[in-house]
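J.: Next one to model:
(one chain, ligands or ions: 1)
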Amino acid sequence: MPVIEVERLRKQYGERTAVADVSFSVNEGEIFGILGPNGAGKTTTVECIGGLRRADGGRLRVLGLDPVGDRSRVVAELGVQLQHSELPPNLKVGEALRLYSSFYERPADWRELLEVLGLGPQAGTRYGKLSGGQQQRLSIALALVGNPRVAILDELTTGLDPAARRDTWELIESVRDRGVTILLVTHFMAEAERLCDRVAVIDTGRVVALDTPAELTARLDVQQRIRFVPSVPIEDSLLSELPEVESVSRRGDEVLVVGGADALAAVAARLARQGVLAHRLRVEQPSLDDAFLAITGRDEVADPGPRVRPLRHDR
Ligand SMILES: Nc1ncnc2c1ncn2[C@@H]1O[C@H](COP(=O)(O)OP(=O)(O)OP(=O)(O)O)[C@@H](O)[C@H]1O
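T.: From the prediction side, this is the model:
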């Protein structure tokens with residue numbers, strides 16, 4: 001049974017349609033990503049799933065329950081990562097976790113959670129004194145302190161430096177390994193590629209693609225670009241006559257071969273047969289970035305930047 005079911009979700013803010021028609025389901029133990037440009041409706045979608053907003057249309061289920069109608073039962077099983085701006089700056093890390101754990105019947109051991117998240121030394125530190133990375137880890141701890149079966153994490157690593165981002169990815173993988181199903185909103189392709197089993201790309205309130213990151217990129221007819229320096233001079237025709245190869249060009253002593261998905265194997269076999277070694281070999285594969293561009297027609301997922309968005313309770 002899917003852990004999260006979203007069928008034809010629709011949500012308006014007055015005249016503005018934030019979510020026009022979104023459907024997907026998330027299986028148990030999955031990390032499911034929602035990717036899309038600014039204003040696509042990602043946050044609104046997960047806020048409806050989390051029961052923080054009431055949908056205007058469609059059907060939502062979390063563990064078979066209605067997030068609004070069965071609110072108290074859903075809250076016991078669902079952890080939602082809060083926007084960190086919502087915590088009072090004077091609240092200490094340990095106090096915040098103790099407070100949040102008191103809301104749950106079967107909370108996790110919050111002291112252990114602090115250690116796992118590398119926040120042990122900060123237990124007595126006030127929220128306002130934490131670094132951005134520490135605040136982010138605290139917000140993840142708060143989402144997990146209720147021992148949820150499902151966690152919703154919105155812009156998990158926005159504002160983190162690359163090292164903190166990688167640490168957070170490892171943490172999320174370990175959370176998933178404990179059996180938690182994770183719904184992740186992200187602006188970062190690398191994050192989706194690294195963490196997500198499947199990704200829904202949302203644009204203007206609709207799902208425009210839904211697949212594994214590998215399938216999303218493989219479905220594109222994006223060329224492989226192979227660069228290398230041959231150990232001995234070679235003729236372009238040696239490679240350009242291969243059916244898998246579209247073009248051969250040079251920059252200095254470097255050869256650039258452009259071809260389809262099988263080009264690398266064909267080029268490597270031809271060079272080997274001629275006794276030519278390929279030095280400084282690099283292969284550029286299509287990435288989720290390319291897929292995103294092809295799907296949405298935009299060449300980047302805009303950086304959301306720092307933001308404070310208090311949740312407006314419009315139920
Ligand atoms: N409380 C609100 N009142 C009115 N309009 C809103 C509200 N929240 C969001 N919107 C609008 O709804 C649309 C979808 O917003 P949403 O925040 O869900 O998108 P998003 O994909 O999460 O964007 P971002 O990546 O910028 O967070 C946008 O046009 C946004 O301006």
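J.: what's the neighbour count on Arg166?
T.: Around Arg166 there are 15 other residues, counting by other Cβ atoms under 10 Å. To be clear about C-beta, it is placed using only N, CA and C from the backbone, and glycine gets the same treatment.
J.: Quick check: it vs Leu97, distance?
T.: Using Cβ to Cβ, to the nearest Å, Arg166 is found at 24 Å from Leu97.
J.: Name the nearest residue to Arg137, sequence neighbours excluded.
T.: Spatially, and ignoring its direct neighbours in sequence, Arg137 is nearest to Leu117 (4.6 Å; Cβ to Cβ, 6 or more residues apart in numbering).
J.: Run a quick neighbour tally on that neighbour.
T.: For Leu117, using other Cβ under 10 Å, the count is 21.
J.: Wait, it touches Gln135, no?
T.: No - judged on Cβ atoms under 8 Å, Leu117 makes no contact with Gln135 at a distance of 11.5 Å.
J.: Per-residue confidence at the residue nearest to Arg137, what does it come out as?
T.: Leu117 is assigned a predicted lDDT (pLDDT) of 80.
J.: separation between it and the ligand?
T.: Leu117 sits 24 Å away from the ligand, taking Cβ to the nearest ligand atom, to the nearest Å as the criterion.
J.: ok, now which ones touch the residue nearest to Val232 when sequence neighbours are not counted?
T.: Residue nearest to Val232 in three dimensions, not counting chain neighbours: Val276, with 5.9 Å by Cβ to Cβ, 6+ apart. Contacts for Val276 (Cβ atoms under 8 Å, 6 or more residues apart in numbering) come out as 230-232, 234.
J.: ok, now Glu95?
T.: Applying Cβ under 8 Å, 6+ apart, no residues qualify as near Glu95.
J.: Would you mind giving the secondary structure of it?
T.: Taking DSSP: H, G, I helix; E, B strand; the rest coil as the rule, one finds Glu95 in the helix state.
J.: what's the pLDDT at the residue most central in space within the chain?
T.: Residue closest to the average C-alpha location in the chain (Cα atoms, centre = their mean): Ala192, at 3.5 Å. The model reports Ala192 with a pLDDT of 91.
J.: helix/strand/coil for it?
T.: What three-state DSSP gives for Ala192 is helix.
J.: I'd like the distance between it and the ligand.
T.: Per Cβ to the nearest ligand atom, Ala192 is found 14 Å from the ligand.
J.: isn't that residue right next to Ile34, touching?
T.: No - Ala192 is beyond contact range of Ile34, at 9.0 Å (criterion: Cβ under 8 Å).
J.: Residues that sit against both of the two, list them.
T.: Contacts common to Ala192 and Ile34, judged by Cβ under 8 Å, 6+ apart, are 184, 186, 199.
J.: List the contacts of the last one.
T.: When contacts are counted by Cβ under 8 Å, 6+ apart, Val199 is found next to 32-35, 192, 209-213, 216, 288.
J.: any bit of stretch 22-34 sitting next to the ligand?
T.: No - Stretch 22-34 lies out of reach of the ligand by Cβ under 6 Å from any ligand atom, never closer than 8.1 Å.
J.: Figure out the length between the terminal residues of that stretch.
T.: End-to-end distance for stretch 22-34, by Cα to Cα, to the nearest Å: 11 Å.
J.: just stretch 75-91 next, same as before
T.: 23 Å.
J.: Tell me the secondary structure of the residue nearest to Val232, please.
T.: coil.
J.: Let me see the confidence value for it.
T.: 96.
J.: Look up how far the ligand lies from it.
T.: Per Cβ to the nearest ligand atom, Val276 is found 48 Å from the ligand.
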